[in-house]
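[1] Make a model of this:
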Amino acid sequence: MSVAYDDRAESMKSALQRTIDMIDDKGVTLRQMLAEIGDHGPLLLCALLTVPFLLPVSIPGVSTVFGLAIILLGFAVALNRTPWLPSRLMDRSIDGGKLRSVLERGVSLIDRIEGVIRPRAKAITGSGFAGRVNGLAIVAGGVLLLFPLGLVPFSNTLPAFAILFLCIGMSQRDGYLVLAGYGMLAATVVYFSVLGYAAITAGRGLASMFGG
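    Residues are numbered from 1 along each chain as shown. This next block holds a predicted model:
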């Protein structure tokens, strides 16, 4: 079913604060979080799910659950369809205390971003084609977020900022912020490529050292 996505009725900061208020210390599921803000569309949800990756903390299980959710929501944006998320993903429990603490620390960051956005360069956000391309960019960011590099500095932060900028930029019709999202995606690809090259070079060095 085709749907229209417009998240401008509520700021991300207010949605984030409402989500923080409903989280129980014992644990929270993605289903509960989405139920709290689900009527505001996948762009707002994707942006919210990036917050734990913007700070130098680790919450067990979040990377897989939130990363997969962002990918599926990104496809929903690209296809202009109602999002679907599997029950196994929706009902996986996450440490509520740690998640709430991280989200609380992210409020000021989101507030600063929302303080500078405004509708501009609307051609980048205002057409169906642009929506499809930008949705696929969100999917790409989610894939990069799932790379098993959690212990490597910035490996989650760079794609998370890319997704955040894309989602907020699309929802608020700020084409410049969307372009910033593409810039962060490009930076992530370059960073991962450098890491891969360094790992291959180190592996060859070790092989030659021990091989003779």
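
[2] Any buried residues in the lengthiest helix in the chain, and which?
    Identified as the longest helix of the chain according to DSSP state H is helix 175-211. Within helix 175-211, the residues that qualify as buried by neighbour count (16 or more other CB atoms under 10 Å) are Gly175, Leu177, Val178, Ala180, Gly181, Tyr182, Met184, Leu185, Thr188, Tyr191, Phe192. (C-beta placed from N, C-alpha, C; glycine too.)

[3] Nearest residue to Leu45 in space, ignoring adjacent ones along the chain?
    Leu73 (5.8 Å; CB to CB, 6 or more residues apart in numbering).

[4] show me what contacts the one you found?
    Pro42, Leu45, Cys46, Leu49, Pro83, Leu85, Ile138 (CB atoms under 8 Å, 6 or more residues apart in numbering).

[5] Now render the residues you listed as JSON lines, adding secondary structure.
    Output for the contacts of Leu73, formatted as JSON lines (DSSP: H, G, I helix; E, B strand; the rest coil):
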{"residue": "Pro42", "secondary structure": "helix"}
{"residue": "Leu45", "secondary structure": "helix"}
{"residue": "Cys46", "secondary structure": "helix"}
{"residue": "Leu49", "secondary structure": "helix"}
{"residue": "Pro83", "secondary structure": "coil"}
{"residue": "Leu85", "secondary structure": "coil"}
{"residue": "Ile138", "secondary structure": "helix"}
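
[6] Please identify the helix or strand for the most centrally placed residue in the chain.
    By CA atoms, centre = their mean, the chain has its centre lying nearest to Thr50, at 3.7 Å. Per DSSP states H and E, Thr50 falls inside helix 42-50.

[7] What's the first helix or strand after that helix?
    Following helix 42-50 in sequence order, the next helix or strand is helix 62-79 (DSSP H and E).

[8] quick check: mean pLDDT across that next one?
    When pLDDT is averaged over helix 62-79, the result is 87.

[9] Throw together a ChimeraX command that grabs the buried residues out of the contacts of Leu73.
    In ChimeraX, a selection of the buried entries from the contacts of Leu73 looks like this (16+ other CB under 10 Å):
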select :42,45,46,49,83,85,138
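
[10] Farthest-apart pair in the contacts of Leu73, please.
    Across these, no pair lies farther apart than Leu85 and Ile138, at 14.7 Å, counting by CB to CB.

[11] Tell me the helices and strands packed up against the lowest-mean-pLDDT helix or strand in the chain.
    Of all helical and strand segments in the chain, the minimum by mean pLDDT, DSSP states H and E falls on helix 30-37, at a mean of 79. Helices and strands touching helix 30-37, as assessed by 3 or more CB pairs under 8 Å, 6 or more residues apart in numbering; DSSP states H and E, comprise helix 12-22, helix 42-50, helix 62-79, helix 87-90.
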